[in-house]
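Asker: need a 3D model of the following:
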Amino acid sequence: MDGYVSSGFEPVAAAFQRNFDELGDLGAAVCIYRDGERVVDLWGGVADPKTARAYGADTLQLVFSTTKGVTALCAHMLVQDGMLDLDAPVSYYWPEFAAAGKQHVSMRWLMSHQAGLPTIDGELALDEVLRWDPVVQALAAQAPFWEPGSAHGYHALTFGWLVGEVIRRVTGSSVGAMVAERIAGPLSLDLWIGLPEEHEPRVAPLRTGPLPSFDDLDPDTLQALTTMLGSDGLALRALTLNGAFGIFGKRGGPFNSREVHAAEVPAANCITDARSLARMYAATIGTVDGVRLLAPEVLDEARREVVGGPDRVLVAPTSFGLGFMCHSAFSPLLGPGSFGHSGAGGSLGFADPDSGVAFAYVMNQMRLGLGGDERTASLVEALRASLS
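Answerer: This next block holds a predicted model:
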């Protein structure tokens, strides 16, 4: 383990070490900002067991759905600029989207997983998905899986293309280009949606963990998993886009490939480090080296809970604002008022305006399961203890 810890945040360092000693972390990093200043910046372990490459200060990590927080931030910056109206129909910006009865779907519904478009009916090959236009055209033609606005269900992959296409229509450039110009550039972040090839050697390959043992699950959780992963359920279709991304194998599946890293999948393929992710969230709730990304009133609208309760895709109760996860049993953050997004396997980025804290954890050893990750929960609890 290496890095820096400010006085008073030693419990976070202890929890980070425990993640390696007791909770199976392979390579990871954690970073915390408070009131615009970095107070924790730690990394450790192994980036690539095949080469014994250490997880260093400059190691990059794919963070799966933690990406959605970055994409949501882009949308809210356009709201702040007066270029995007959350109460407008999506078809105002993207006319083709009006097909199949979607003409009244609002941006607000799109941002809060209420559009009824967690997947598509047809199948696309991975190379088609990565080209952008085929999947966007399929979503524009798709009939909703439920009445839009009547329920919410996690748009695990489609969220990125849906919101990303609106961003492209409004700005004339891609999400990745906006991230580079408006977020990563001004804040000097190592954070990309669409990784330049020269940074590929810095990426730590993902390692998948074993599936949870069904023998250890209580009956309610077992029933929820059975329903969620059943052949007739939407979850598996939503999480893989009808199999385009396959099921993770021992080598991490397609998300370890250069092709996926280079493309823009704005719900799932952001590549960054904990330092950059925490710095980004710090700049949403305050000023970091002269940069503030969201005005307080825009931020308050973005993080306010819009939907909560049973999720049509994940089955379990979930809670979302406009693109961001809210603090809940399913997505535990620092407490009420916190907002951010977790990612498959355990990564997490969030901010808490009440305490002035921004937090990020990234790792290469994935854990498969529902709800919060034990390693992340341990770090957040240590942060809470440091603030008390």
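
Asker: hey, which strand is longest across the protein?
Answerer: If you go by DSSP state E, the chain has its longest strand at strand 37-48.

Asker: pull up the pairing partners for the next helix or strand after it, direction included.
Answerer: Next in sequence after strand 37-48, counting helices and strands by DSSP states H and E, comes strand 53-54. Applying DSSP bridges, strand 53-54 is found paired with strand 37-48 (antiparallel).

Asker: could you list the buried residues of the strand it pairs with?
Answerer: Residues of strand 37-48 classed as buried by neighbour count (16 or more other CB atoms under 10 Å): 38, 39, 40, 41, 42, 43, 44, 45, 46, 47, 48. All C-beta atoms are positioned from the backbone trio N, CA, C, and that covers glycine.

Asker: and the closest residue to the first one other than its chain neighbours, which of the three is it?
Answerer: The reference is to residue 38. Leaving aside its chain neighbours, residue 38 sits nearest to residue 31 (6.8 Å; criterion: CB to CB, 6 or more residues apart in numbering). In three-state terms, and counting by DSSP: H, G, I helix; E, B strand; the rest coil, residue 31 is strand.

Asker: tell me who's in contact with residue 31.
Answerer: Neighbouring residues of residue 31 by CB atoms under 8 Å, 6 or more residues apart in numbering: 38, 40, 41, 42, 273, 274, 275, 277, 278, 279, 359, 360.

Asker: any idea which of those residues is the one closest to residue 203?
Answerer: residue 273 (10.3 Å; CB to CB).

Asker: and the closest one, how many neighbours?
Answerer: Other residues within reach of residue 273, judged by other CB atoms under 10 Å, total 26.

Asker: how distant is stretch 263-274 from the center of its chain?
Answerer: Once both centres are worked out by CA atoms, centre = their mean, to the nearest Å, stretch 263-274 turns out to sit 8 Å from its chain's centre.

Asker: helix or strand right after the worst-scoring helix or strand of the chain on mean pLDDT?
Answerer: Lowest mean confidence among the helices and strands of the chain (mean pLDDT, DSSP states H and E): helix 219-229, at a mean of 61. Counting by DSSP H and E, the element after helix 219-229 in chain order, helix or strand, is helix 235-240.

Asker: helices or strands next to that following helix in the packing?
Answerer: If contacts are counted by 3 or more CB pairs under 8 Å, 6 or more residues apart in numbering; DSSP states H and E, helix 235-240 sits against helix 219-229.

Asker: which residues touch the residue nearest the centre of the chain?
Answerer: With distances taken as CA atoms, centre = their mean, the residue of the chain nearest its centroid is residue 66 (1.8 Å). Shown here is residue 66, whose contacts under the criterion CB under 8 Å, 6+ apart are 270, 277, 340, 341, 342, 343, 347, 348, 349, 362.

Asker: just the buried ones from those residues?
Answerer: In the contacts of residue 66, the ones that pass as buried (16+ other CB under 10 Å) are 270, 277, 340, 341, 342, 343, 347, 348, 349, 362.

Asker: tell me which of those residues fall in helices.
Answerer: Counting by DSSP state H, the part of the buried ones among the contacts of residue 66 found in helices is residue 277.

Asker: and the buried ones among the contacts of residue 66 as a markdown table, adding distance to residue 259 and pLDDT?
Answerer: What follows is the buried ones among the contacts of residue 66, written out as a markdown table (distance: CB to CB, whole Å; pLDDT from 0 to 100):
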| residue | distance to residue 259 | pLDDT |
| --- | --- | --- |
| 270 | 16 | 98 |
| 277 | 23 | 98 |
| 340 | 28 | 98 |
| 341 | 24 | 97 |
| 342 | 25 | 96 |
| 343 | 20 | 94 |
| 347 | 21 | 96 |
| 348 | 26 | 97 |
| 349 | 25 | 98 |
| 362 | 21 | 98 |
